[in-house]
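>>> Sequence first, then the predicted structure, then my questions.
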Amino acid sequence: MDTLLHDMESVAILDFGSQYSQLIARRLREAKVYCELFPFDARPEEVLRLKPKALILSGGPSSTYGVDAPELPEYILKAGIPILGICYGMQVLAQSLGGKVTPARVHEYGRSQLHCHPGSLLIPEELAGTNFHAWMSHGDIVTAVPVNFSITASNNSCPIAAMENQDRNIFGLQFHPEVHHTEQGSQILERFLSHTGIRREWTPGFMVADSIERIRAQVGQSKVISAISGGVDSAVATALVHRAIGDRLTCFYVDTGLMRSGETEQVIGTFREQLQVRLVAINATEEFLNILSKITDPESKRKAIGEKFIQIFDREARRLGNAAEFLVQGTIYPDVVESSGKGREQAEKIKTHHNVGGLPNELPFTLIEPLRFMFKDEVRSVGEQLGLPQDLVWRHPFPGPGLAIRCLGEVTRERLDRLRLSDKIVQSELESADMLRGDTAQAFAVLLPVKSVGVMGDSRTYEQVVAIRAVTTDDFMTADWARLPHEILARISNRIINEVRGVNRVVYDISSKPPSTIEWE
Ligand code: XMP
């Protein structure tokens, strides 16, 4: 992976396969510290190229004494910089330095109470001698610390829940400071960072300035094209490139007819009028409706939409005839980082999912990916910094194939209109209740392919069903259904049934992911 232009002080995180590895990185970035994630078996020169000021070893699913367990790479202890091991990271440190790791009698998963010992550098001094709640997820424990290490937290099931050697700058935490449920978790990470003396340089202003320089260096005097979808990532990537090279960027927006209510107008207004981007808008609703007629299988819908999109993009790019060399893509950091172990498979799956409806790699362009280093929340703060409208920046993610995969069964103009209006009601009610940020990560309406009986006035009806889906999630790989207040659900249901013709029943989806998914398809 290419580097940032500036020598920024940073932390390298070695990923031993924990589900929380990306969360560690996000917490550091929130503290304005630049960090990168590497698989635990990354080549040493790749990690050290970053010239890290500190190293963090993540948790992971293995046991240090197991066959094929990931070992601590030799260069880590030789690097001579502060090291923090979390969960498996602490165990692998302990074992490599002569301590002992064994299976725990009691496995701890979830919230645990820990007792803090005095004299710790990482755990705030006011906690010494008291208890605090921490998030644990382990089946092994350290039973003997290496020489010259002190124990700084413990409980009955885990007598060595934190350890440190301040002279060698090596710290271990059996619990997860990166998880919100750990009281004082961010303070503990903060204290580690302060101890390293690292500079806090990773701010939205810096990200914008750095991206602009990188884009200019990459593009030179060439021309660039971009396809925006209405989503946050392609919008922010495009706005950054425009800020860097102005009119040498041409931007395409294909209105598939599968967009959310008001989306097309907002995209065109923002980019053409507000940001003065050269924008070619193509109304391809008819083309998409034609190819979708009679397709009901979700994968076939995705495939048909993806192919049509590429065909239109290719046609329009040729029509423009400006010989662009570069194509902007809104790839973000979680798509880039190689996760280890179990996470890798899952990450791969999600990635292919997201590519559907995107642009294929064989197009004759070199890619510009200005968001490669950023997490979603960072992309949003860069969007704000660039002056993009709040509701575009904070909009919930929307799948590439758009409303087609939320319109279960046949996709027709009439059914799409019904779905779009229902979704608009969901959005506006959640917005009025201030529940679109934080309380929900994604919320939308789904039109089901079934009819049910109802009664309106004195007549019996036989009409369609709308399902409401609202979830909370950090990473979209797992999700829980949002506990929306009953009054809000009642208002949404009431409005949909009264305002959307052809719908006589509204249901709320109370399934988590897994085993369900976020989309119904
Ligand atoms: P699921 O339904 O798999 O969704 O739990 C996880 C996240 O991915 C989004 N999603 C898609 N995004 N093309 C996309 O660009 C797709 O085909 C697609 N299918 C699901 C979904 O909205 C959620 O944010």
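Received it, and whenever you're ready, just let me know what you need.
>>> Could you list the single helix or strand in this protein with the lowest mean pLDDT?
In the chain, the helix or strand scored least confidently by mean pLDDT, DSSP states H and E is helix 341-355, which has a mean of 45.
>>> neighbouring strands for the helix or strand just after that helix, and are they parallel or not?
In the C-terminal direction, the helix or strand that comes right after helix 341-355 (DSSP states H and E) is strand 366-368. When pairs are called by DSSP bridges, strand 366-368 turns out to pair with strand 326-328 (parallel).
>>> Distance from the chain centre to the partner strand, please.
Between the mean C-alpha point of strand 326-328 and the mean C-alpha point of its chain there is a distance of 22 Å (C-alpha atoms, centre = their mean, to the nearest Å).
>>> For stretch 164-174, list the C-alpha coordinates in CSV.
What follows is stretch 164-174 as a C-alpha-only set of coordinates in CSV (Å, rounded to 0.1, in the frame of the first residue of the first chain):
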residue,chain,number,x,y,z
GLU,A,164,3.3,-3.8,32.7
ASN,A,165,7.0,-3.2,32.7
GLN,A,166,7.5,0.5,32.7
ASP,A,167,11.2,0.3,32.2
ARG,A,168,10.8,-1.7,29.0
ASN,A,169,7.6,0.2,27.9
ILE,A,170,5.7,-3.0,27.5
PHE,A,171,2.1,-3.2,28.6
GLY,A,172,-0.5,-6.0,28.5
LEU,A,173,-4.3,-5.9,29.0
GLN,A,174,-6.4,-9.0,29.1
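>>> now the helices: where do they sit in the stretch 301-450 of the chain?
For the stretch 301-450 of the chain, helices defined by DSSP state H, counting those that start in this stretch occupy the ranges 333-336, 341-355, 376-385, 390-393, 413-432.
>>> nearest to Ile492, of these?
helix 413-432 (4.9 Å; C-beta to C-beta). In short, each C-beta sits where N, CA and C put it, glycine included.
>>> Thr102 reaches Asp140, doesn't it?
Yes. Under the contact definition of C-beta atoms under 8 Å, Thr102 touches Asp140, with a separation of 6.7 Å.
>>> In the stretch 101-250 of the chain, which residue sits closest to the ligand?
Proximity of the stretch 101-250 of the chain to the ligand (C-beta to the nearest ligand atom) peaks at Gly231, 8.0 Å away.
>>> so what's that residue up against?
Gly330, Arg395, Pro397, Phe398 (C-beta atoms under 8 Å, 6 or more residues apart in numbering).
>>> burial measure for the third one, as a count.
Same thing as Pro397. Taking other C-beta atoms under 10 Å as the criterion, the count of residues near Pro397 is 14.
>>> likewise the last one?
Phe398: 19 surrounding residues under other C-beta under 10 Å.
>>> Please tell me how far it sits from the ligand.
Distance of Phe398 to the ligand, computed by C-beta to the nearest ligand atom, to the nearest Å: 7 Å.
>>> State which strand of the protein is the longest.
Assignment by DSSP state E gives strand 100-116 as the longest strand of the chain.
>>> Just checking: what are the partner strands of it?
Partners of strand 100-116, by DSSP bridges, with direction: strand 131-144 (antiparallel), strand 150-154 (antiparallel).
>>> Under the pLDDT cut-off, which ranges of this structure? List them.
Counting by pLDDT under 70, the chain shows low-confidence ranges at 1-6, 338-362.
>>> most remote residue from it's center?
Among the C-alpha atoms of the chain, the one most distant from their mean position (C-alpha atoms, centre = their mean) is that of Asp458, at 49.3 Å.
>>> residues contacting that residue?
Asp458 sits next to no residue when contact means C-beta under 8 Å, 6+ apart.
>>> Quick check: it vs Asn504, distance?
14 Å (C-beta to C-beta, to the nearest Å).
>>> And Phe171, by the same measure?
61 Å.
>>> do the same with Phe149
Note on Phe149: its distance to Asn504, by C-beta to C-beta, is 67 Å.
>>> just Ile488 next, same as before
From Ile488 to Asn504 the distance is 20 Å (C-beta to C-beta).
>>> How is Val466 classified with respect to secondary structure?
Secondary structure assignment for Val466 (DSSP: H, G, I helix; E, B strand; the rest coil): strand.
>>> got the contact list for Ile215?
Residues touching Ile215, when contacts are defined by C-beta under 8 Å, 6+ apart, comprise Leu240, Val241, Ala244, Ile245, Ile368, Pro370.
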